[in-house]
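Student: Quick one: sequence and predicted model below, then my questions.
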Amino acid sequence: MARLPLISGDEFVKAVAKIGFAWDRTEGSHMILVRTTGQRLSVPRHRELGRGLLRALIRDTGLTRDEFLELLS
């Protein structure tokens, strides 16, 4: 299994926008995303998200690692 890529918070937001997450507001350095189901997600606006944080964000979206990698490409 290959390692997760190092991506920015903005790249993460673009990927999850494809499954229905939309930017709601910014609080400090975090982007707050909402989904039509009411689910909320807080994504730090960093140049690089750590792999552990990225793994946790992917889990919070309900996606598998492979599904998320497909959204990136």
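Tutor: Now that the structure is in, tell me what you want to look at.
Student: all contacts plus neighbour counts: C-alpha atoms, from now on.
Tutor: Will do.
Student: could I get stretch 61-73 in CSV with only the CA atoms?
Tutor: Presented in CSV, the C-alpha positions along stretch 61-73 are these (Å, rounded to 0.1, in the frame of the first residue of the first chain):
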residue,chain,number,x,y,z
THR,A,61,-15.8,12.0,5.3
GLY,A,62,-16.8,8.4,5.3
LEU,A,63,-14.5,7.5,2.3
THR,A,64,-12.0,4.8,2.1
ARG,A,65,-8.4,5.6,1.3
ASP,A,66,-8.8,4.3,-2.3
GLU,A,67,-12.0,6.2,-2.9
PHE,A,68,-10.3,9.4,-1.8
LEU,A,69,-7.2,8.8,-4.0
GLU,A,70,-9.6,8.5,-7.0
LEU,A,71,-11.1,11.9,-6.1
LEU,A,72,-7.6,13.4,-6.2
SER,A,73,-6.9,12.2,-9.7
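Student: Identify the residues contacting the nearest residue to residue 26 once chain neighbours are set aside.
Tutor: For residue 26, ignoring the flanking residues on the chain, the nearest one in space by C-alpha to C-alpha, 6 or more residues apart in numbering is residue 32 at 5.9 Å. By C-alpha atoms under 8 Å, 6 or more residues apart in numbering, residue 32 lies in contact with 23, 24, 25, 26, 40, 41, 42, 43.
Student: Got phi/psi on the last one?
Tutor: What that stands for is residue 43. phi -120, psi 120 (degrees, to the nearest 10).
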